[in-house]
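# let me see the structure of the following:
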Amino acid sequence: MEELAPYLKEAMKRKKWMAELKDDEIPNVEALGRQIIEEAKNKEAANKKKKTAV
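Numbers count the residues shown, from 1 in each chain. Okay, here's the model as predicted:
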């Protein structure tokens, strides 16, 4: 790895870095666990409606 160090150093100098995102540019992401819980609640509510409709 040491023999690659000079090449890596030069490559990092050439790298074009992305500009930092502003807070309003960062997308909101809902955690997968929350999505699963919400889906389970929706299914449970739908099942209750089916049972009462019959």
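# ranges for the helices of the chain?
Read by DSSP state H, the chain holds these helices, from start to end of the chain: 5-14, 32-53.
# and the pLDDT for Glu3?
Note on Glu3: pLDDT of 96.
# which among the helices of the chain is found nearest to Glu20?
The minimum distance between Glu20 and the helices of the chain falls on helix 5-14, with 17.8 Å, by CB to CB. Where you see a C-beta, it was placed from the backbone N, CA and C, and this is true even at glycine.
# in this structure, which residue is most central in space?
In the chain, the residue lying closest to the centroid (CA atoms, centre = their mean) is Val29, at 5.7 Å.
# hmm, back to that, as a markdown table, the helices of the chain with mean neighbour count and distance to Glu20 would be great.
As requested, the helices of the chain are exported to a markdown table (neighbours: other CB atoms under 10 Å; distance: least, CB to CB, whole Å):
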| stretch | mean neighbour count | distance to Glu20 |
| --- | --- | --- |
| helix 5-14 | 9 | 18 |
| helix 32-53 | 9 | 26 |
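# lowest-confidence stretch among the ones you listed?
Out of the helices of the chain, helix 32-53 stands lowest, with a mean of 88 (criterion: mean pLDDT).
# residues contacting it, please?
Applying CB atoms under 8 Å, 6 or more residues apart in numbering, helix 32-53 has no contact partners.
# what's the spacing between Leu4 and Arg14?
Leu4 sits at a distance of 15 Å from Arg14 (criterion: CB to CB, to the nearest Å).
# Lys22: neighbour count?
Lys22: 7 surrounding residues under other CB atoms under 10 Å.
# hang on, I meant Asp23
When neighbours are counted by other CB under 10 Å, Asp23 comes out with 5.
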